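> Need coordinates for the below:
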Amino acid sequence: MPDRPSYHLTPEEFRRLGYRMIDWIADYEQRVADLPVLSRAEPGSIRAQLPAAAPEKGEALDLIFADLERIILPGITHWQSPNFFAFFPANTSGPSILGDLLCAGLGVQGMMWATSPACTELETHIMDWMADLLGLPPGFRSDSAGGGVIQDSASGAALCAIIAARERRTGLVSNESGCDGRLTAYASTEAHSSIEKAIRIAGIGRKNLRLIRVDERFAMRPAELETAIRADLAAGLMPFFVSATIGTTAANGLDPLPEIGRIAAKHGLWFHVDGAMSGTAALCPEYRSIQEGLERADSYCTNPHKWLFTNFDCDCMFVRDRAALIQALTILPEYLRNRATESGAVIDYRDWQIPLGRRFRSLKLWLVLRHYGREGLQYHIRRHIELAQHFAGQVAAHPDFELALPPPLNLVCFRHRGGDTANQAILDGVNNSGKAYLSHARLAGKLTLRLCVGQTRTEAGHVEAVWQLLQQTAEAWQKSQEPGNGGEKDDFNG
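A predicted model of the protein is given here:
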């Protein structure tokens with residue numbers, strides 16, 4: 001038989017191109033601060049530069065590198081820029097990138113202990129490390145009735161919690177017969193949209209999700225939660241789930257966990273707590289008060305892929321009763337049966353999540369924790385909070401700006417006193433400049449600017465630069481509104 005091409009990279013080719021890719025990423029980290037933070041691509045402009053059909057014959061990777069620079073990079077919004085202050089941080093790091101490279105290279109399918117014991121046991125151990133580092137209740141460790149699992153996101157964790165809560169409330173009946181429309185769930189008006197989405201997917205229905213009003217700090221009002229539950233019980237409905245938040249998305253509101261937990265326990269509701277970004281702050285003992293009351297929670301999640309230098313996807317979900325989660329999600333066809341599973345001596349994480357398959361995600365978190373250590377992680381969290389608090393002080397002292405609420409951690413919500421029109425113009429001006437990227441929310445009916453400090457390489461100079469840019473943009477807009485410049489000064493003062 002004549003020799004045929006394998007089409008695969010040889011080890012030597014892979015090594016050469018791998019070194020080149022690492023060099024490219026390292027160079028990107030050095031220049032990302034100088035790139036426009038928000039992509040300036042127009043809709044469809046990236047696809048217009050790509051061939052209509054896949055290549056018939058393989059192409060040299062040198063050409064692919066060229067297209068990476070020419071086509072892909074201009075279409076990137078640079079989440080790793082130190083000038084990215086929008087939404088939430090997604091702060092990757094060198095150890096995390098290398099961990100993901102190991103994950104891809106090993107190519108593990110870690111659906112069960114038997115399919116790679118190290119994948120399961122490292123994850124279990126790392127989740128216990130995280131529970132200890134965060135000062136979580138001991139019932140969330142694997143040596144209790146609970147334990148931890150790495151989910152793809154807080155959204156996935158919420159869906160798993162809701163399904164487990166549904167089955168606990170119905171005695172595993174709804175998995176067999178479906179929901180009867182009487183189950184009701186509760187969250188604040190500031191809860192993340194993933195709660196509503198999970199309620200829809202789990203078959204509860206949007207109409208059975210009660211959104212509880214918040215106070216002036218955008219935290220849930222426990223008295224109104226109690227009233228809503230009592231009203232549903234009186235109507236013959238079945239309250240089963242309540243979600244509280246440590247650091248709401250829009251305003252970083254901190255729900256009162258002790259009060260909510262007591263209400264949940266009294267009425268037999270599953271109590272889920274979402275600490276997606278802000279939960280990371282609990283690595284520092286001085287911020288652990290944000291999770292006071294967590295000992296009553298049935299489930300809790302926080303995302304290292306937001307503020308713990310671990311690239312997406314990596315959500316740490318903890319449960320107090322792992323049996324409730326497993327009973328709600330387990331299905332065991334014949335082709336998955338094996339001696340280890342049947343012995344009951346191992347964890348099969350396929351029973352803790354929605355999909356069957358799973359990546360070796362604990363590798364990147366393992367490398368991050370070992371590289372930075374508790375000390376290094378605490379240093380950076382404290383520094384980010386310090387920078388945000390300093391920025392907040394500058395806002396509060398400026399006659400034309402105001403805080404929407406005192407920032408508890410690293411997210412500052414603020415606005416210009418000129419009203420929605422002024423704030424929209426300032427936001428657009430800053431983002432269109434390419435020098436920084438902020439996002440917005442609507443709080444108490446007012447358009448509000450959000451500045452979140454948490455990227456890996458954000459330093460004091462970057463925060464000071466965006467503050468100067470905000471002031472300059474505001475001054476330029478104000479000048480444009482003066483009589484004779486095409487605007488009306490009264491519009492700005494409104």
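
> Would you mind listing the outside residues contacting stretch 320-329?
Stretch 320-329 is contacted from outside by 137, 139-140, 144-147, 160-161, 163-164, 166-168, 172, 175, 297-299, 319, 351-354, using CB atoms under 8 Å, 6 or more residues apart in numbering. Every residue, glycine included, has its C-beta placed from N, CA and C.

> Which of those residues fall within strands?
Secondary structure assignment by DSSP state E places Gly147, Ser299, Val319 of the contacts of stretch 320-329 in strands.

> any idea how far the first one lies from Val368?
Gly147 sits 21 Å away from Val368, going by CB to CB, to the nearest Å.

> can you check Arg339 too?
Counting by CB to CB, the gap from Arg339 to Val368 is 34 Å.

> Those two: which is more packed in?
Val368 (26 against 9; other CB atoms under 10 Å).

> pLDDT wise, what is that one at?
Val368 is assigned 98 on the pLDDT scale.

> what do you get for Val430?
Predicted confidence (pLDDT) for Val430: 97.

> and the closest residue to Ser116 other than its chain neighbours, what is it in contact with?
Of all residues not flanking Ser116 in the chain, Val108 sits nearest, at 4.6 Å (CB to CB, 6 or more residues apart in numbering). Val108 makes contact with Thr115, Ser116, Cys119, Arg359, Phe360, according to CB under 8 Å, 6+ apart.

> let's go with 6 Å and repeat that
Taking CB atoms under 6 Å, 6 or more residues apart in numbering, we find Val108 in contact with Ser116, Cys119, Phe360.

> Ser362 too?
Per CB under 6 Å, 6+ apart, neighbours of Ser362: Leu122, Glu123, Ile126, Ile150.

> Based on its surroundings, how many neighbours for the residue nearest to it when sequence neighbours are not counted?
Spatial nearest neighbour of Ser362, chain neighbours left out: Glu123 (4.0 Å); criterion: CB to CB, 6+ apart. Residues near Glu123, counting by other CB under 10 Å, number 26.

> in a strand, that's where Glu123 is, yeah?
No - applying DSSP: H, G, I helix; E, B strand; the rest coil, one finds Glu123 to be helix, outside a strand.

> Distance-wise, check it relative to Arg358.
Distance, Glu123 to Arg358, by CB to CB: 9 Å.

> Specify the helix with the largest residue count in this protein.
helix 362-397 (DSSP state H).

> Skip ahead from that helix and say which helix or strand is next.
Going down the chain from helix 362-397, the next helix or strand is strand 401-403, by DSSP states H and E.

> Tell me the strands beside that following strand, with direction?
In the sheet, strand 401-403 lines up against strand 411-416 (antiparallel) (DSSP bridges).

> what pLDDT, on average, does the partner strand get?
97.

> Likewise for stretch 41-58?
Mean predicted confidence for stretch 41-58 is 93.

> which residues touch the nearest residue to Val346 once chain neighbours are set aside?
For Val346, ignoring the flanking residues on the chain, the nearest one in space by CB to CB, 6+ apart is Trp113 at 3.8 Å. Trp113 makes contact with Thr120, Ala340, Val346, Asp348, according to CB under 6 Å, 6+ apart.

> tell me the secondary structure for the second one?
Put simply, Ala340 is helix when judged by three-state DSSP.

> correct me, but it touches Ser116?
No - applying CB atoms under 6 Å, one finds Ala340 not in contact with Ser116, separated by 11.5 Å.

> got the contact list for the nearest residue to Arg350 once chain neighbours are set aside?
Ranked by CB to CB, 6+ apart and with sequence neighbours excluded, the top spatial neighbour of Arg350 is Met111, at 4.4 Å. Each residue near Met111 by CB under 6 Å, 6+ apart is listed here: Arg350, Leu356, Gly357, Arg358.

> of those residues, closest to Ser6?
Ser6 lies nearest to Gly357 out of the contacts of Met111, by CB to CB, at 26.8 Å.

> how far does stretch 323-337 stretch from start to finish?
19 Å (CA to CA, to the nearest Å).

> Kindly report the same for stretch 407-424.
From its first residue to its last, stretch 407-424 covers 21 Å (CA to CA).

> Mind listing what's buried along it?
Across stretch 407-424, burial judged by 16 or more other CB atoms under 10 Å covers 407-416, 418, 421-423.

> Dump those residues to CSV, plus distance to Glu475.
Below are those laid out as CSV (distance: CB to CB, whole Å):
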residue, distance to Glu475
Pro407, 24
Pro408, 30
Leu409, 29
Asn410, 27
Leu411, 25
Val412, 20
Cys413, 22
Phe414, 16
Arg415, 16
His416, 11
Gly418, 11
Thr421, 15
Ala422, 11
Asn423, 14
